[in-house]
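# Build the 3D model from these lines:
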Amino acid sequence: MTSSCEFKFDRPNPVFYSGEIFTGRIILRTSSIKSVNRIYIMFLGLAKVMFEEQRSDTISGNEVRYDRAISHSTETYVKSHTDVYEKGRLPDGTHTFPFSITLPLECPTSCVGKYVTVLQTYNLNLHPEMSMPIEHMAIRRLCCWPFRSGPIKLHLAIPYSGYAAGQTINYKVHIDNMSNRHVRGFSMTLIQIYEFRIRHERRIVSSYFRGEFESEIVSPTHKRIARGHYLIPSLPPSSREKLIINVSYMIRLTVLISGWHMKWNIDVPITIGTIPLTVSGDPKAPKEFIPDISNVQRQTVGDPPPAYNDSQPLFEQSAYVGKLFVDPDANEYNRTDDFLPWYPTYRNIPLLKPPTEVSPTEMAVSEAAPTETLGASPEASPEASPEESPGASPKVTPAMEPKIPPKE
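Here you go, the predicted structure:
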């Protein structure tokens with residue numbers, strides 16, 4: 001019989017929040033007596049970023065030399081050692097070593113990890129600005145003189161600025177088609193934006209999670225109010241501070257227009273948290289998987305971990321597109337290339353208190369400029385005071401260019 005080592009946690013799902021104490025035990029089985037200097041349990045939480053670039057240089061004439069440049073950076077968030085056995089002889093058989101480790105509040109959320117997933121708590125209920133609606137207005141002019149037609153005005157309304165994975169975004173689109181083209185429909189896409197930093201260099205990687213196409217025909221010189229739905233997949237929450245790995249999200253509304261005008265993409269920022277807004281629930285939904293948010297206060301470095309009344313929420317493996325990170329420092333016995341973290345998802349959220357009614361924004365948009373936007377940026381807007389009632393008025397920010405590649 002060969003020796004083996006097994007990790008067991010005191011929680012069915014190995015998912016822990018920053019600020020929590022997670023416990024478990026390590027079961028070491030040995031087939032013979034071992035002479036040991038020390039046995040300890042090490043818990044390590046870190047982030048690694050590596051950029052690889054191939055450069056070419058002409059030496060003389062037609063001779064070209066290729067160089068491979070690699071730059072990397074590492075941030076360590078938690079590193080602990082727990083001694084469980086001193087120097088001596090370890091008998092053969094089964095040995096159990098319990099452990100108890102406290103996760104700092106500032107621990108960021110796992111993107112890729114081994115054995116456990118760590119979540120930095122992002123309780124949307126502790127951030128009043130998250131309960132404010134997103135309202136975005138834009139205007140699109142088709143073609144140019146002498147073939148110019150009237151504009152298409154659009155008003156996108158999303159009830160809240162922050163959602164959690166598993167929730168459905170019920171949005172409304174008011175289309176005023178003053179052009180001579182047909183609007184054929186629209187769809188919503190959640191854009192996940194990863195920003196990787198090494199000193200002064202940064203790279204952006206975007207992933208696109210497309211929703212269903214909503215077929216809504218708006219004929220020329222007609223208006224229509226349409227509604228759509230988007231189910232948020234299992235994804236990590238938005239980053240709250242600047243680290244070497246940061247994640248943010250944009251909502252893209254794609255409007256299909258007949259003719260060669262094709263697509264019209266409208267992007268607005270949105271926040272993904274780990275605990276949903278209690279005002280965003282369904283009055284008919286059963287009360288399940290909802291953390292107790294009473295007597296919870298907002299912290300500077302991270303929100304306190306949630307306290308669940310009866311059971312944990314549903315955890316789902318991360319939705320992921322693209323290639324997984326391959327750690328060049330890991331050996332063949334310590335690979336994490338095939339691991340995807342798990343995140344909490346909330347499918348059925350009860351309405352714990354009714355939201356405040358929001359008066360609709362007027363559709364009028366000045367035609368003096370070719371494009372005007374009124375958007376809500378949860379991350380850029382000033383923080384609302386605690387006395388503000390949720391949804392009292394939409395947040396307004398000037399037009400901005402999203403930090404994403406013009407894909408689609």
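# Count the residues that sit near residue 206.
17 (other Cβ atoms under 10 Å). In this view, the C-beta of every residue, glycine as well, is placed from N, C-alpha and C.
# I misspoke; the intended subject was residue 10.
Per other Cβ under 10 Å, the neighbour tally for residue 10 reads 11.
# hang on, it packs against residue 23?
Yes - between residue 10 and residue 23 there is a contact at 4.7 Å, judged by Cβ atoms under 8 Å.
# quick one: contacts for residue 82?
40-43, 99, 101 (Cβ atoms under 8 Å, 6 or more residues apart in numbering).
# in the sheet, who's paired with it?
Residues in a beta bridge with residue 82, per DSSP bridges, are residue 41.
# beta partners for residue 249?
Assessed by DSSP bridges, residue 249 has beta-bridge partners residue 192, residue 270.
# helices and strands around the strand or helix carrying residue 266, which ones?
Taking DSSP states H and E as the definition, residue 266 sits inside strand 262-273. Packed against strand 262-273 by the contact rule (3 or more Cβ pairs under 8 Å, 6 or more residues apart in numbering; DSSP states H and E) you find strand 134-140, strand 152-158, strand 162-164, strand 245-257.
# now do 10 Å
On a contact count with 3 or more Cβ pairs under 10 Å, 6 or more residues apart in numbering; DSSP states H and E, strand 262-273 meets strand 134-140, strand 152-158, strand 162-164, strand 183-198, strand 245-257.
# Which one of the ones you listed lies nearest to residue 79?
Nearest to residue 79 among the helices and strands packed on strand 262-273 is strand 245-257 (17.6 Å), distances taken as Cβ to Cβ.
# what's the domain layout of this structure?
4-119, 124-345 (automatic domain parsing).
# coming back round to it: could you identify which of the helices and strands packed on strand 262-273 is most buried?
Among these, strand 162-164 has the highest mean neighbour count (mean count of other Cβ atoms under 10 Å), at a mean of 26.
# How many residues are close by the nearest residue to residue 179 once chain neighbours are set aside?
Once flanking residues are discounted, residue 179 sits nearest to residue 149: 4.4 Å by Cβ to Cβ, 6 or more residues apart in numbering. Neighbourhood size, residue 149 [other Cβ under 10 Å]: 15.
# With residue 173 as the reference, measure out to residue 149.
Computed as Cβ to Cβ, to the nearest Å, the residue 149 to residue 173 distance reads 20 Å.
# What of residue 281?
Residue 281 is 23 Å from residue 173, by Cβ to Cβ.
# Looking at those two now, which is surrounded by more residues?
In this view residue 281 and residue 173 are compared by other Cβ under 10 Å, and residue 173 has more residues nearby, 23 against 20.
# Show me which residues of stretch 111-128 are buried.
Neighbour counts over stretch 111-128 (16 or more other Cβ atoms under 10 Å) mark 111-113, 116-128 as buried.
# and which of those is nearest to residue 87?
For the buried residues of stretch 111-128, the nearest to residue 87 is residue 116 (29.0 Å; Cβ to Cβ).
# so is residue 142 in a helix, a strand, or just coil?
Under DSSP: H, G, I helix; E, B strand; the rest coil, the three-state class of residue 142 is coil.
# wait, it sits on residue 255?
No - using Cβ atoms under 10 Å, residue 142 is not in contact with residue 255, being 11.8 Å away.
# Can I take it that residue 105 is in a helix?
No - counting by three-state DSSP, residue 105 is not found in a helix; it is coil.
# on that earlier part again, got CSV for the helices and strands packed on strand 262-273, with mean pLDDT too?
Formatted as CSV, those follow (pLDDT from 0 to 100):
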stretch, mean pLDDT
strand 134-140, 93
strand 152-158, 94
strand 162-164, 94
strand 183-198, 91
strand 245-257, 92
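# for these, which one sits closest to residue 107?
The stretch from the helices and strands packed on strand 262-273 with the least distance to residue 107 (Cβ to Cβ) is strand 245-257; that distance is 12.8 Å.
# by contact count, what packs against the closest one?
Strand 245-257 packs on strand 39-60, strand 134-140, strand 152-158, strand 168-177, strand 183-198, strand 201-218, strand 222-231, strand 262-273, going by 3+ Cβ pairs under 10 Å, 6+ apart.
# Skipping adjacent residues, who's closest to residue 262 in space?
Using Cβ to Cβ, 6+ apart, the closest residue to residue 262 is residue 256 (7.3 Å).
# again, but for residue 344
residue 313 (4.2 Å).
# give me every residue that touches the closest residue to residue 242 other than its chain neighbours.
Nearest in space to residue 242, with sequence neighbours left out and distances taken as Cβ to Cβ, 6+ apart, is residue 197 at 7.9 Å. By Cβ atoms under 10 Å, 6 or more residues apart in numbering, the contact set of residue 197 is 49, 51, 73, 75, 203, 242-246.
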